[in-house]
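Here is the input, now give the coordinates:
(one chain, ligands or ions: 4)
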Amino acid sequence: MKLSEILNNVKTLGTFGDESREISEIVFDSRQAAEGALYVAMKGTVSDGHQFINSAIENGAKAVVCEDLPEEQAEGITFIKVENSAKALAKMAANFYGNPSENLVLVGITGTNGKTSTTTLLFETFKNLGFKPALISTVEVRIGDEAFPSTHTTPDVLTLNQILRKAVDAGCEYAFMEVSSHGIHQNRTDGLKFKVAGFTNITHDHLDYHKTFDEYIKVKKRFFDELPADAVAITNLDDRNGTVMLQNTRAKKSGYALKTLADYHGKISEADFNGMLLNFNGKEFWTALTGKFNAYNLLLVYAVACELGFNADEILQAISKLPRVKGRFETLKSESGIFFIVDYAHTPDALENILDSINQIRTNNERLITVFGCGGDRDSAKRPQMGKIATRKSTLAIITSDNPRKEDPKQIIEDIAAGIEPQHFAKFTVIPDRMEAIKAAIKFAEPKDIVLVAGKGHENYQEINGVKHHFDDKEVIEDLLKKMSK
Ligand SMILES: CC(=O)N[C@H]1[C@@H](OP(=O)(O)OP(=O)(O)OC[C@H]2O[C@@H](n3ccc(=O)[nH]c3=O)[C@H](O)[C@@H]2O)O[C@H](CO)[C@@H](O)[C@@H]1O[C@H](C)C(=O)N[C@@H](C)C(=O)N[C@H](CCC(=O)O)C(=O)O
Ligand SMILES: Nc1ncnc2c1ncn2[C@@H]1O[C@H](COP(=O)(O)OP(=O)(O)OP(=O)(O)O)[C@@H](O)[C@H]1O
Ligand SMILES: N[C@H](CCC[C@H](N)C(=O)O)C(=O)O
Ligand SMILES: [Mg+2]
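Numbers count the residues shown, from 1 in each chain. Ligands and ions are numbered 1, 2, ... in the order given. Presented below is the predicted three-dimensional model:
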């Protein structure tokens, strides 16, 4: 594609060199530049892409988009100065891939917890409705039945447009994607045309990156502020910040809630480990999903589908067939009758929610054993909070490791333990090796007891010192049960 076409509608502050040259690809990483590439220099969180302009050129880049022009401009290279490289990249990526977000119905879901669950449930619902949808999530990218590995919750804007292009070419009419706060902040979703935007909730997470909760809220809100007038914004009215999210949006506003009046009102009529009887806007149906948070997720799915013009009965029929999402309240029972739950709860709010859901369902004669840890090189403020919640709400908490990354696992565990209240000191034990921790839980458990293994969900690795070792909670439980014949 010609550079001038890639620059269509990009606000430039100056062009130096040939604008009519052919561009083979757009890259923002100098190491990926090949012959004829356009290199976009971006200021990152660790380094400044402007430092790598020369190495991009050495690798074959023929054009450079940057915020600061280099003092010496290499001969034969076109330089384009812009105010904000990330914003320019978003526009250029959409141009390069033919604006695919305008050729399908794009739905974005944001919030601290529930993005993967809701987008996956939407994907499955639309499959049940007879479509071939696309999914962009933490767990995987899907184009119909074809699955691709996922590297981020919200990929970079080039990858996003590339995926959406592929989806459009494959005949997808709907795409459901997770919108993370990092993604919004780093302009990864700029230039995409969203038809529906959904908000799940906002609680404590990622403050290592956003610094304050206010800042985190502001970033999430930006997603709704930037929606076009013909979009629909759907918020959770039970969340303290649900209304704030839509305060300045131009989109049509809609709300869902279990506790207050809303356009989409839901009620849990019955719940046990096998599922729930739900009532949405007066219509009752069964689901195999369980946990109050899944009632919220399903209600948002229902609201999105209604706003997209589908018939309520048809939607509920499609929703009632939904399977559980991988690693989200996944259950498993041992031969001796110990009940296991594998869940991705890795924030204080998610951990509290899942423990509350389990406690509401259990009859209290069984004991609840919680195995969990906290990730290294991530928001450390959530650690003591999770220690407090797990010990308050379980019979026994076994504190272990969950992706220590470059940190010392013992230090992470100490941070978690620091939040435990003195009256609960007898209710926890520390076993840093996750396999040993799960083994101890199985040993301790008696028939009917419940073992919650939280934090990793679908993840199939334990990241220690930059190395990802294969580790899958569900697989480990199954293997141990066989070995321990329990
Ligand atoms: C902290 C963070 O979000 N970092 C993301 C960011 O990288 P960065 O700003 O640190 O990049 P940098 O290393 O400072 O480099 C600056 C620029 O120089 C370029 N560069 C760098 C080196 C070089 O030799 N040549 C070169 O051109 C880089 O490509 C980049 O454009 O931009 C990159 C490109 O889009 C992302 O891959 C990267 O994600 C990292 C890997 C990451 O771990 N991100 C996580 C925290 C994340 O984004 N998570 C969210 C949310 C998860 C959740 O909600 O739970 C997600 O959406 O996945
Ligand atoms: N609507 C919800 N409200 C609160 N907690 C939820 C909700 N949905 C799921 N959870 C809990 O949060 C965990 C993570 O859910 P999910 O993976 O759907 O969230 P996410 O927003 O995609 O997370 P991430 O930011 O890591 O991508 C689940 O395992 C469950 O314990
Ligand atoms: N997307 C989240 C996942 C956290 C999952 C948990 N297992 C951990 O490693 O902390 C993150 O990268 O912060
Ligand atoms: Mg996710």
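
Could you report the distance from Phe339 to Pro447?
To Pro447, Phe339 is 9 Å away according to C-beta to C-beta, to the nearest Å. C-betas here are computed from N, CA, C, even on glycine.

Who has more neighbours out of these two?
Applying other C-beta atoms under 10 Å to Phe339 and Pro447 shows that Phe339 carries more neighbours, namely 20 against 13.

Tell me which other helices or strands the longest helix belonging to the chain touches.
In the chain, ranked by residue count with DSSP state H as the criterion, the top helix is helix 292-307. Counting contacts by 3 or more C-beta pairs under 8 Å, 6 or more residues apart in numbering; DSSP states H and E, helix 292-307 is packed against helix 115-128, strand 196-199, strand 232-236, strand 252-257, strand 264-272, strand 275-280, helix 312-320, helix 348-361.

Of those, flag the one that's most buried.
Counting by mean count of other C-beta atoms under 10 Å, strand 196-199 has the highest mean neighbour count of these, with a mean of 28.

Enumerate every residue touching Asn471.
Just so we're on the same page, residue 471 is Phe rather than Asn. Applying C-beta atoms under 8 Å, 6 or more residues apart in numbering, we find Phe471 in contact with 434-435, 456, 459-462.

Just want the phi and psi numbers for it.
Listed backbone geometry of Phe471 is phi -160, psi 120, with angles given as degrees, to the nearest 10.

And His424, by the same measure?
Reported as degrees, to the nearest 10, the phi and psi values for His424 are phi -110, psi 10.

what residues are up against it?
If a contact means C-beta under 8 Å, 6+ apart, then His424 has 388, 391-392 as its contacts.

residues of stretch 128-147 that come out buried?
By 16 or more other C-beta atoms under 10 Å, the buried positions in stretch 128-147 come out as 128-129, 131-139, 141-144.

Please identify which of those residues is nearest to Pro323.
Taking C-beta to C-beta as the measure, Pro323 sits nearest to Asn128 out of the buried residues of stretch 128-147, at 10.4 Å.

Name the nearest residue to that closest one, ignoring sequence neighbours.
Counting by C-beta to C-beta, 6 or more residues apart in numbering, Asn128 lies nearest to Ala318, which is 3.7 Å off, once chain neighbours are set aside.

Got the domain ranges for this protein?
The record assigns the chain these domain ranges, following the TED database: 3-85, 98-321, 330-484.

Out of the ones you listed, the one nearest Met92 is which?
Comparing the domains of the chain by C-beta to C-beta, domain 3-85 comes nearest, at 5.0 Å.

Now the terminal residues of the closest one, how far apart.
15 Å (C-alpha to C-alpha, to the nearest Å).

is stretch 173-189 up against ligand 3 anywhere?
No. Stretch 173-189 does not reach ligand 3 (C-beta under 6 Å from any ligand atom); its nearest approach is 7.8 Å.

from here on, count from 36
Shifting the count to begin at 36 puts that one at stretch 208-224.

Setting aside sequence neighbours, what's the nearest residue to the residue of the stretch 336-485 of the chain found nearest ligand 3?
The nearest approach of the stretch 336-485 of the chain to ligand 3 comes at Gly410, 2.0 Å away (C-beta to the nearest ligand atom). Nearest residue to Gly410 in three dimensions, chain neighbours excluded: Asn438, at 4.6 Å (C-beta to C-beta, 6+ apart).

What of His493?
For His493, the nearest residue in space outside its immediate sequence neighbours is Gly362; the separation is 3.4 Å by C-beta to C-beta, 6+ apart.

give the contact list for that neighbour.
Residues touching Gly362, when contacts are defined by C-beta under 8 Å, 6+ apart, comprise 174, 377-379, 491-494, 508-509.

Next, the angle strand 299-307 makes with the longest helix of the chain.
Computed with axes from the mean of the first three to the mean of the last three C-alpha atoms, to 10 degrees, the direction of helix 327-342 lies at 140 degrees from that of strand 299-307.

Helix 327-342 close to ligand 2?
Yes. Contact check for helix 327-342 against ligand 2, using C-beta under 6 Å from any ligand atom: residues in range are 328, 331-332.

before we move on, what about stretch 281-299?
No. Counting by C-beta under 6 Å from any ligand atom, ligand 2 is not contacted by stretch 281-299; separation bottoms out at 10.7 Å.

Start and end of that stretch, how far apart?
Between where stretch 281-299 begins and where it ends, there is a gap of 16 Å, by C-alpha to C-alpha.

Near ligand 1, which residues of the stretch 336-485 of the chain are found?
When proximity is defined by C-beta under 6 Å from any ligand atom, the stretch 336-485 of the chain lies next to ligand 1 nowhere.

Please disregard the earlier target; I meant the stretch 36-185 of the chain.
Close to ligand 1, as judged by C-beta under 6 Å from any ligand atom, the stretch 36-185 of the chain has residues 63-66, 77, 79-82, 84, 87.

Recalculate using a threshold of 5 Å.
Taking C-beta under 5 Å from any ligand atom as the contact definition, the stretch 36-185 of the chain meets ligand 1 at 63-65, 77, 79-82, 84, 87.

The closest residue to ligand 3 within the stretch 186-335 of the chain: neighbouring residues, count only.
Here the residue of the stretch 186-335 of the chain nearest ligand 3 is Thr188; by C-beta to the nearest ligand atom that distance is 5.9 Å. Burial of Thr188, expressed as a neighbour count using other C-beta under 10 Å, amounts to 20.

Would it be right to say that it lies in a helix?
No. In this structure, Thr188 is coil, not part of a helix, as judged by DSSP: H, G, I helix; E, B strand; the rest coil.

Hmm, Ser215 and it touching each other?
Yes. Counting by C-beta atoms under 8 Å, Thr188 touches Ser215, with 4.2 Å between them.

Show me whatever sits in contact with both of these two.
Going by C-beta under 8 Å, 6+ apart, residues that sit against Thr188 and also against Ser215 are Lys150.

Which residue ranges of the stretch 336-485 of the chain form helices?
With DSSP state H, counting those that start in this stretch, the ranges of helices along the stretch 336-485 of the chain come out as 347-355, 383-396, 417-428, 444-452, 469-479.

So Cys409 versus Gly454, what's the distance?
Cys409 sits at a distance of 10 Å from Gly454 (criterion: C-beta to C-beta).

More neighbours: which of these two?
Residue environment comparison for Cys409 versus Gly454 gives the larger neighbour count to Cys409, 30 against 19, counting by other C-beta under 10 Å.

I figured that one hits Ile451, correct?
Yes. Counting by C-beta under 8 Å, Cys409 sits close enough to Ile451 to count as a contact (5.8 Å).

Which helix or strand in this structure has the lowest average pLDDT?
Within the chain, confidence by mean pLDDT, DSSP states H and E is lowest for helix 242-245 among all helices and strands, at a mean of 76.

So which elements touch that one?
Contact analysis of helix 242-245 by 3+ C-beta pairs under 8 Å, 6+ apart lists helix 216-220, helix 248-260 as its packing neighbours.

quick one: what helix or strand has Glu40 in it?
Under DSSP states H and E, the secondary-structure element containing Glu40 is helix 38-41.

Show the average pLDDT along stretch 69-76.
Averaged over stretch 69-76, pLDDT sits at 98.

I meant to write stretch 159-176 there.
97.

Thank you kindly, that will do.
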